[in-house]
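Student: Dropping the sequence and predicted coords here.
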Amino acid sequence: MPEPQRPEGAIAPTGMGGTMDLGAGEALTLEKTPGGPEGTGPQEKPRSLWSDAWRDLRRNPVFIVSALVILFLVVISVWPSLITSGNPLQCDLSKAQEGSQPGHPFGFDGQGCDVYTRTVYGTRVSISVGVLATLGVALLGSLLGGLAGFYGGVWDSILSRITDIFFAIPVVLGGLVLLSVVTSNTVWPVIGFMVLLGWPQISRIARGSVITTRQNDYVQAARALGASNSRLLLRHIAPNAVAPVIVVATIALGTYIALEATLSYLGVGLKPPTVSWGIDISSASAYIRQAPHMLLWPAGALAITVLAFIMLGDAVRDALDPKLR
């Protein structure tokens with residue numbers, strides 16, 4: 001028997017008790033759609049921004065390499081004994097400025113301390129300062145900037161003027177002034193200084209992101225349905241406005257590690273007996289001609305760490321930016 005011809009059109013229910021005419025192509029599409037009106041098949045779950053970003057990150061070699069480097073740095077900062085059995089504070093003046101030897105691949109510094117051991121243990125301080133400072137800056141800046149962007153008005157104007165004042169303070173000069181009067185040998189004064197001068201950048205980004213997000217239709221619909229301000233912020237605005245903050249904070253983490261080393265090099269950051277790359281670089285700068293290995297190894301570790309976090313931030317930015325898709 002000849003195959004019956006497909007009708008030129010079809011009648012489809014509208015879902016409101018009526019019908020509408022469909023062309024042949026539209027009727028065929030409606031029949032083949034798995035999630036059509038009849039529910040003949042499961043609908044494909046739409047991917048969110050975060051799932052798309054994670055899919056792109058897994059395929060990005062820059063992210064993979066930087067993440068592996070950062071993972072290695074985090075592991076040795078928590079368990080430095082995995083790759084070294086020495087004591088960073090145990091020194092032998094008879095070996096001062098000597099080069100590489102069996103069991104001491106990086107040589108010795110001006111006090112006869114093992115450069116390899118001190119470089120490994122210096123990772124702990126740098127990673128700790130960078131992570132804690134970034135968390136403090138992100139939390140404080142996001143809170144102040146998010147509230148200012150959501151409520152607006154006089155609070156937004158006051159916060160904008162305050163951030164302008166902080167932006168006018170040079171970071172290194174501010175560190176020289178503020179930290180020069182601190183006598184503590186812990187990392188907390190340095191972290192507090194970074195949070196004090198770092199939150200305005202995150203605050204301004206969070207403010208702009210919240211202002212953009214609160215104008216979306218789903219936020220207006222939730223407000224019309226009676227959602228409270230706290231629910232709007234926590235359930236509808238914050239999850240969709242946090243992406244720019246994450247990108248900037250990831251890149252800033254490497255900057256804070258470099259800033260800690262700079263302040264320690266200038267003598268106002270961390271102080272001995274704390275093991276820090278900045279302290280070792282400062283001590284080795286006077287012997288760069290006689291014993292360059294004292295400077296090259298901690299400086300190289302610092303450069304690799306900062307580069308890894310900046311590369312990670314660039315990869316995250318590319319994955320979370322819809323304009324680059």
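Tutor: Alright, I've got the coordinates.

Student: Residue 120 and residue 317, how far apart?
Tutor: In this view, residue 120 and residue 317 are 31 Å apart by Cβ to Cβ, to the nearest Å. Where you see a C-beta, it was placed from the backbone N, CA and C, and this is true even at glycine.

Student: more neighbours, those two?
Tutor: Between residue 120 and residue 317, counted using other Cβ atoms under 10 Å, the more crowded position is residue 120 (22 against 17).

Student: Doesn't the more buried one lie inside a strand?
Tutor: No: counting by DSSP: H, G, I helix; E, B strand; the rest coil, one finds residue 120 to be helix, located in no strand.

Student: give the contact list for it.
Tutor: Going by Cβ atoms under 8 Å, 6 or more residues apart in numbering, residue 120 touches 76, 80, 83, 84, 88.

Student: can you count the residues close to the spatially closest residue to residue 100 that is not a sequence neighbour?
Tutor: With Cβ to Cβ, 6 or more residues apart in numbering as the criterion, residue 100 has its nearest non-adjacent residue at 5.1 Å, and that residue is residue 107. Applying other Cβ under 10 Å, we find 20 residues neighbouring residue 107.

Student: contacting residues for residue 107?
Tutor: Contact analysis of residue 107 by Cβ under 8 Å, 6+ apart lists 97, 98, 99, 100, 101, 115, 291, 293, 294.

Student: For stretch 103-121, the averaged confidence score.
Tutor: The average pLDDT within stretch 103-121 is 92.

Student: buried ones in stretch 135-147?
Tutor: By 16 or more other Cβ atoms under 10 Å, the buried positions in stretch 135-147 come out as 136, 137, 138, 140, 141, 142, 144, 145, 146, 147.

Student: wait, the fifth one sits on residue 202?
Tutor: Yes: because the distance of 2.8 Å satisfies Cβ atoms under 8 Å, residue 141 is recorded as touching residue 202.

Student: now residue 227, what's its secondary structure?
Tutor: coil.

Student: now it: how far from residue 235?
Tutor: Distance, residue 227 to residue 235, using Cβ to Cβ: 8 Å.

Student: before we move on, what about residue 320?
Tutor: 20 Å.

Student: Closest one of the contacts of residue 120 to residue 249?
Tutor: Of all the contacts of residue 120, the one with the least separation from residue 249 (Cβ to Cβ) is residue 76, at 23.0 Å.

Student: Quick check: the gap between the closest one and residue 68.
Tutor: Applying Cβ to Cβ to residue 76 and residue 68 gives a distance of 13 Å.

Student: Pick out whichever of those two has more residues nearby.
Tutor: Using other Cβ under 10 Å as the criterion, residue 76 and residue 68 rank with residue 76 on top: 18 against 11.

Student: for the more buried one, phi and psi?
Tutor: Note on residue 76: backbone dihedrals following degrees, to the nearest 10 are phi -80, psi -20.

Student: Pull out the buried residues from stretch 233-249.
Tutor: Of all the residues in stretch 233-249, those buried under the rule 16+ other Cβ under 10 Å are 233, 236-238, 240-249.

Student: Please disregard the earlier target; I meant stretch 208-227.
Tutor: Residues of stretch 208-227 classed as buried: 209, 210, 211, 213, 214, 219, 222 (neighbour count, 16+ other Cβ under 10 Å).

Student: For the spatially closest residue to the fourth one that is not a sequence neighbour, report the pLDDT, please.
Tutor: The one in question is residue 213. The shortest distance from residue 213 to any non-neighbouring residue, by Cβ to Cβ, 6+ apart, is to residue 241 (4.3 Å). Listed pLDDT for residue 241 reads 85.

Student: So residue 241 versus residue 66, what's the distance?
Tutor: Remark: distance between residue 241 and residue 66 (Cβ to Cβ) = 25 Å.

Student: Over to residue 209?
Tutor: Applying Cβ to Cβ, the value for residue 209 to residue 66 is 24 Å.

Student: What are the boundaries of the helices in the chain?
Tutor: For the chain, the helices defined by DSSP state H occupy 24-32, 49-58, 61-78, 115-151, 153-167, 171-179, 188-213, 217-224, 229-231, 238-241, 243-265, 277-284, 293-320.

Student: so which of those is the most packed in?
Tutor: Mean neighbours per residue, mean count of other Cβ atoms under 10 Å, is largest over these for helix 277-284, with a mean of 24.

Student: Just name whatever secondary elements that one is in contact with.
Tutor: helix 115-151, helix 243-265, helix 293-320 (3 or more Cβ pairs under 8 Å, 6 or more residues apart in numbering; DSSP states H and E).

Student: Give the residues shared as contacts by residue 141 and residue 202.
Tutor: The contact sets of residue 141 and residue 202 overlap at residue 245 (Cβ under 8 Å, 6+ apart).
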